[in-house]
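Asks: For reference, the sequence and a predicted model appear below.
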There are 2 protein chains.
Amino acid sequence: MTRNPAAKAEVMTIREMCAAYDVTPRTLRFYEAKELLSPIREGTRRLFTRRDRARLTLILRGKRFGFSLEDIRQTLDLYDRDGSDAAQRQRACEIARERLAIMEAQRAELDVAIADLKAELAASATNTATQRGTAPSHAAE
Amino acid sequence: MTRNPAAKAEVMTIREMCAAYDVTPRTLRFYEAKELLSPIREGTRRLFTRRDRARLTLILRGKRFGFSLEDIRQTLDLYDRDGSDAAQRQRACEIARERLAIMEAQRAELDVAIADLKAELAASATNTATQRGTAPSHAAE
DNA sequence: AGAGAGCTTGACGTTAACGTCAGCGTAACG
DNA sequence: CGTTACGCTGACGTTAACGTCAAGCTCTCT
C-alpha cells in the first residue's frame, strides 16, 4: 500500500531532493514554511512532487538573479494559478510583465558589465607593464 | 582656500552622492568600512571622487546581479590595481575570467527565464478560460 | 554668542536566508 | 527487542547589509 506502481518516481524524499538540487533539508523545509513549496505528507514525512521540483528549479534560478524569496514566491504563483477569476489573472499578468521588464533591464545591464570586464581584460592583456587603466564608462542611474 | 576653481565638481559631498545614486549616508559609510569606497577626508568630512563614483556605479550594478559585496569588492579591485607585480596581475586575470564566466552563464539563464515567462504570458493570454498550464521546462542542475 | 544644519563616529537593532542543535517519533534491520 | 537511520518540529545562532538612534564636532548665519 506504500508502493503504488503508477506513482513510481512521481515523488521524491527530502534526501533525494537534496542530492538532486544540492540543497540542505533545512532549505527545503524553510521554503515550505515560506510557502514556496508544498510537498505531500506521508504521515509526517514530506514527499516532493514534480510540481515542487519545477518550482524549486525556478526558485534556485531566481536566486541567482538576485531576487528575494518573496519576489520569487510572487512570480511562482503566476505559473500555476490559472483557473482563478479574471481580475486575479489580470493582476497576475501585470506582475509578470513587471518581472519581465526587470529581467530584460537586468540582461541589458549584464551585457554592459560583461563588455566592461572584457574590455578591462583585453586592456590588461595588451599592457603587461604600460599605462594606468581608467575606470570604465560611467552613467549615473 | 576651500574652493579650488580647478577642482570644480571633482568631488562630491555625502549628500550629493546620496541624491545622485539614491542611497543613504549609512550605505556609503558602510561601503567605506568594507573598503569598497575610499573617499578623501576634508578634516573629518568625506569627499567622494570620480573614482568613488565609478566604483559605486559598479557596486550597485553588481548588487542587482545578486553578487555579494565581498564578491564585488574583489571584482572591483581588478579594475584599478594595475601597477602590481606580475603574479598578482595573473591572479587578478583569473578572477576576472571566473566572474566573466559566471556572468555569461547568468545571462544565458536569464534568457531562459525570460523565454519561460514570455511563454507563460502568451499561454495565459490565449486561454482566457481554457486549460491548465503546466510548469515550464525543467532541467535539474 | 547661540541656534541650526550638516557631518562624524560608535553602538545596537533588524531582516533575509538559512545553519545548528536538541529532543522526539518511527520504521526497518539484525 | 534494541539500535541505527532517517525524518520531524521547535528554538536559538549566524551572516550580510544595512537602519536607527545617541552624542558630539564644526561651520555659518543672525
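Replies: Cool, the structure landed. Residues are numbered from 1 along each chain as shown, chains lettered A, B, ... in the order given.
Asks: and residue A:67, backbone torsions?
Replies: phi -80, psi 150 (degrees, to the nearest 10).
Asks: Quick check: mean pLDDT of the longest helix belonging to chain A?
Replies: Criterion DSSP state H: the longest helix present in chain A is helix A:86-126. Per-residue pLDDT over helix A:86-126 has a mean of 90.
Asks: now swap in stretch A:53-71 and tell me
Replies: Mean per-residue pLDDT for stretch A:53-71: 96.
Asks: Tell me which residues are up against that stretch.
Replies: A:12, A:17, A:20-21, A:23, A:28, A:31, A:34, A:36-37, A:48, A:72, A:75-76, A:79, A:103, A:106, B:63-67, B:106, B:109-110, B:112-113, B:135-136, B:138-141 (C-beta atoms under 8 Å, 6 or more residues apart in numbering or on different chains). C-betas here are computed from N, CA, C, even on glycine.
Asks: wait, does it contact DNA strand C?
Replies: Yes: Stretch A:53-71 reaches DNA strand C (C-beta under 7 Å from any atom of the strand) through A:63, A:68, A:69, A:70.
Asks: In helices only, show me those.
Replies: Per DSSP H, the subset of the residues of stretch A:53-71 next to DNA strand C in helices is A:63, A:69, A:70.
Asks: Quick check: the gap between the first one and residue A:115.
Replies: Using C-beta to C-beta, to the nearest Å, we find residue A:63 at a distance of 25 Å from residue A:115.
Asks: picking that back up, and the longest helix of chain A, what does it pack against?
Replies: Applying 3 or more C-beta pairs under 8 Å, 6 or more residues apart in numbering or on different chains; DSSP states H and E, we find helix A:86-126 packed against helix A:69-80, helix B:50-64, helix B:69-80, helix B:86-126.
Asks: Next, the buried residues of stretch A:23-34.
Replies: For stretch A:23-34, burial by neighbour count (16 or more other C-beta atoms under 10 Å in any protein chain shown) applies to A:23, A:27, A:28, A:31, A:32.
Asks: Out of those, which is nearest to residue A:41?
Replies: Closest approach to residue A:41 among the buried residues of stretch A:23-34 (C-beta to C-beta): residue A:32, at 10.5 Å.
Asks: which parts of chain A sit against DNA strand D?
Replies: Residues of chain A lying near DNA strand D by C-beta under 7 Å from any atom of the strand: A:13, A:14, A:15, A:25, A:29, A:44, A:45, A:46.
Asks: Return the residues in contact with the fifth one.
Replies: The reference is to residue A:29. So residue A:29 contacts A:14, A:46 (C-beta under 8 Å, 6+ apart).
Asks: How far away from the center of its chain is the helix or strand encompassing it?
Replies: Under the criterion of DSSP states H and E, residue A:29 resides in helix A:25-33. Offset of helix A:25-33 from its chain centre (C-alpha atoms, centre = their mean, to the nearest Å): 15 Å.
Asks: now the angle between helix A:50-64 and it, please.
Replies: 100 degrees (axes from the mean of the first three to the mean of the last three C-alpha atoms, to 10 degrees).
Asks: Check which element follows helix A:25-33 along the chain.
Replies: strand A:40-42.
Asks: In PyMOL, select just the buried ones from the ones in helices among the residues of stretch A:53-71 next to DNA strand C.
Replies: Selection command for PyMOL covering only the buried members of those, criterion 16+ other C-beta under 10 Å:
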select buried, chain A and resi 69
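Asks: Tell me who's in contact with residue A:78.
Replies: Listed by C-beta under 8 Å, 6+ apart, the contact set of residue A:78 reads A:92, A:95, A:96, A:99, B:117, B:120.
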